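Q: Below is the sequence, then the predicted model.
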Amino acid sequence: MAKTTNINNRRYLGNKYRLLPFIKRTVEKECKDVRVFADIFAGTGAVASAFQDKQLITNDIMYSNYICNYAWFSSEEYHEELVEKIIDSYNSEMITEENYMTENFADTYFSREDCAKIGFIRENIEHKFETGEINFREKALLITSLLYGMDKIAKTCGHYDAFRQGVKFDTHLSLSMPLASKKNNWHNQCYNIDANKLAETICCDLVYIDPPYNSRQYCDAYHLLENVARWEKPQVFGVARKMDRSKLKSQYCTKEAAGAFEDLIQKLHCKYILLSYNNMATKGNDRSNAKIADEDIYRILSSKGEIKVFSEDYKAFTTGKSDISDNQERLFLCICD
């Protein structure tokens with residue numbers, strides 16, 4: 001029988017798992033009658049998972065995050081025994097045939113043996129869905145299990161900008177059963193579009209916004225998981241074996257970030273806006289510095305209503321090139337007029 005896994009068993013830059021008590025406490029104290037909670041830069045879904053007693057709207061531009069959020073938060077029914085049986089069968093497989101993964105990624109992030117297994121599993125998931133053996137949520141659960149399993153053994157430092165060379169492949173792929181609720185709110189919605197476009201169409205009580213802070217594009221850091229999740233088998237390039245990611249680039253990682261943020265805020269229809277943003281506008285190197293200045297945040301949010309700011313110390317991610325101290329994660333709460 002397969003082991004189990006939960007939503008937070010995944011490495012991810014900017015993950016807010018450690019800050020959930022701070023975020024939850026702020027919402028409970030400051031925001032009244034929140035029935036519909038939208039997380040429009042949901043990432044791995046850590047923050048949304050803390051508000052599963054409400055109707056959830058999740059969104060992420062990366063398909064690899066969307067498919068996991070669908071697995072965790074969708075109300076579509078799934079057959080637990082079927083998913084677990086398939087996972088057990090995948091764990092027992094010994095694959096030697098060449099496939100897309102062995103041809104492009106053997107002995108990079110994973111051993112050739114594990115690449116063969118990853119490629120076989122992903123192809124088989126697609127086949128089972130196309131032939132009607134599994135529904136979309138079951139497909140999402142299986143892909144989630146695969147992505148989490150890959151993340152456990154990848155020879156990286158937590159992202160896929162590069163792989164560690166000269167290390168032994170001493171751990172091998174093993175899939176776990178995601179512990180996804182069967183009692184999610186029937187009105188939950190999961191999206192995979194640009195957040196600024198989604199803002200025009202949703203109506204909710206609270207919108208939580210956690211955009212990229214700096215110039216590090218998430219599609220660069222997680223290109224391999226995105227590739228496997230989409231399974232379009234694109235050509236890959238360079239030492240890091242990256243696919244074309246031009247359609248996944250975020251404005252929030254560029255000098256256009258403040259303009260994109262203003263456009264987003266003006267489009268929102270809600271009672272509360274809760275923004276996560278750190279105080280690293282000028283603390284790190286150029287890549288680490290936050291792209292939206294505090295004065296722009298205050299100016300833009302104040303156009304919608306009253307602002308309150310809450311802060312909590314945290315340990316920032318650094319590549320070792322920045323002299324960073326006194327880091328804080330801030331929550332900007334806008335009580336909309």
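A: Yep, it's here. Numbers count the residues shown, from 1 in each chain.
Q: all contacts plus neighbour counts: C-alpha atoms, from now on.
A: Will do.
Q: Gly119 contacts Phe105, correct?
A: No - at 10.2 Å, Gly119 and Phe105 do not qualify as touching, with contact defined as Cα atoms under 8 Å.
Q: residue contacts, the residue positioned nearest the centre of the chain?
A: Of all residues in the chain, the one closest to the mean position by Cα atoms, centre = their mean is Gly43, 2.2 Å from it. Neighbour list for Gly43: 15, 59-60, 65-66 [criterion: Cα atoms under 8 Å, 6 or more residues apart in numbering].
Q: what do you get for Tyr12?
A: Applying Cα under 8 Å, 6+ apart, we find Tyr12 in contact with 44, 158-159.
Q: circling back: against Phe129, how distant is the residue nearest to the centre of the chain?
A: In this structure, Gly43 and Phe129 are separated by 24 Å, where distance is defined by Cα to Cα, to the nearest Å.
Q: which residues of the stretch 51-200 of the chain fall in helices?
A: According to DSSP state H, counting those that start in this stretch, the stretch 51-200 of the chain carries its helices in the segments 63-73, 80-92, 100-105, 112-130, 136-153, 195-198.
Q: Can I get those helices in a markdown table including mean neighbour count and distance to Arg299?
A: Shown next, in a markdown table, are these (neighbours: other Cα atoms under 10 Å; distance: least, Cα to Cα, whole Å):
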| stretch | mean neighbour count | distance to Arg299 |
| --- | --- | --- |
| helix 63-73 | 26 | 31 |
| helix 80-92 | 16 | 49 |
| helix 100-105 | 18 | 47 |
| helix 112-130 | 19 | 47 |
| helix 136-153 | 23 | 39 |
| helix 195-198 | 17 | 18 |
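Q: Reformat those helices as a markdown table; add distance to His223 and mean pLDDT.
A: Listed next are the helices of the stretch 51-200 of the chain as a markdown table, based on distance: least, Cα to Cα, whole Å; pLDDT from 0 to 100:
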| stretch | distance to His223 | mean pLDDT |
| --- | --- | --- |
| helix 63-73 | 9 | 98 |
| helix 80-92 | 24 | 98 |
| helix 100-105 | 12 | 98 |
| helix 112-130 | 15 | 98 |
| helix 136-153 | 12 | 97 |
| helix 195-198 | 19 | 97 |
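Q: JSON lines for those helices, including distance to Lys24?
A: What follows is the helices of the stretch 51-200 of the chain, written out as JSON lines (distance: least, Cα to Cα, whole Å):
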{"stretch": "helix 63-73", "distance to Lys24": "18"}
{"stretch": "helix 80-92", "distance to Lys24": "30"}
{"stretch": "helix 100-105", "distance to Lys24": "40"}
{"stretch": "helix 112-130", "distance to Lys24": "36"}
{"stretch": "helix 136-153", "distance to Lys24": "25"}
{"stretch": "helix 195-198", "distance to Lys24": "22"}
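Q: what about those helices, which gets the closest to Gln266?
A: Taking Cα to Cα as the criterion, helix 195-198 is the member of the helices of the stretch 51-200 of the chain that comes nearest to Gln266, at 9.8 Å.
Q: residues in contact with the helix or strand just after that closest one?
A: On the C-terminal side of helix 195-198, the nearest following helix or strand under DSSP states H and E is strand 206-209. When contacts are taken as Cα under 8 Å, 6+ apart, the neighbours of strand 206-209 outside the stretch itself are 34, 36-41, 270-276.
Q: mind listing the strands for this structure?
A: Chain-ordered strands for the chain, with DSSP state E as the definition, fall at 4-5, 36-39, 55-59, 177-178, 189-191, 206-209, 272-278, 305-313, 328-336.
Q: got JSON lines for those strands, with mean pLDDT too?
A: As requested, the strands of the chain are arranged in JSON lines below (pLDDT from 0 to 100):
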{"stretch": "strand 4-5", "mean pLDDT": "97"}
{"stretch": "strand 36-39", "mean pLDDT": "98"}
{"stretch": "strand 55-59", "mean pLDDT": "98"}
{"stretch": "strand 177-178", "mean pLDDT": "98"}
{"stretch": "strand 189-191", "mean pLDDT": "98"}
{"stretch": "strand 206-209", "mean pLDDT": "98"}
{"stretch": "strand 272-278", "mean pLDDT": "94"}
{"stretch": "strand 305-313", "mean pLDDT": "93"}
{"stretch": "strand 328-336", "mean pLDDT": "93"}
